[in-house]
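turn this into a model:
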Amino acid sequence: MRKIQRFESGVWSDTEPQQVKPGDIIRLFEPDGRPVIISSNKNFKVKKVIPLQDGHYRFVGEPA
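The predicted model follows:
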């Protein structure tokens, strides 16, 4: 499972997928620690959180 970090109060902190809300700035990491690059940007602002089956989530967003 990918690691998720959320930017809040000037600090990146680990978070769970169900804690991510629209408007949050997040970054994702592969299980081996490599950053996930989304459209040439590591960070993105979440516009919509879509819950999927089996506790998975899809995040729709834009570059932050």
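
quick check: beta-bridge partners of the most centrally placed residue in the chain?
Closest to where the C-alpha atoms of the chain average out (Cα atoms, centre = their mean) is I26, at 4.0 Å. Per DSSP bridges, the residues bridged to I26 are R6, F44.

now tell me which helix or strand of the chain has the poorest mean pLDDT.
Within the chain, no helix or strand scores below strand 57-63, which has a mean of 90 by mean pLDDT, DSSP states H and E.

what lines up beside that strand in the sheet?
strand 43-51 (antiparallel).

so what touches the strand it pairs with?
Contact with strand 43-51 is made by 7, 20-27, 38, 57-64, as judged by Cβ atoms under 8 Å, 6 or more residues apart in numbering. For glycine as for every other residue, the C-beta is placed from the backbone atoms N, C-alpha and C.

sorry, back to before: other residues contacting the least confident helix or strand of the chain?
By Cβ under 8 Å, 6+ apart, strand 57-63 touches 17-18, 20, 26, 38-41, 43-52.

with stretch 31-38 instead?
Here stretch 31-38 makes contact (Cβ under 8 Å, 6+ apart) with M1, R2, K3, R27, L28, F29, E30, K42, F44, G61, P63.

what's the nearest residue to the second one if we skip its chain neighbours?
By that I understand R2. L28 (4.9 Å; Cβ to Cβ, 6 or more residues apart in numbering).
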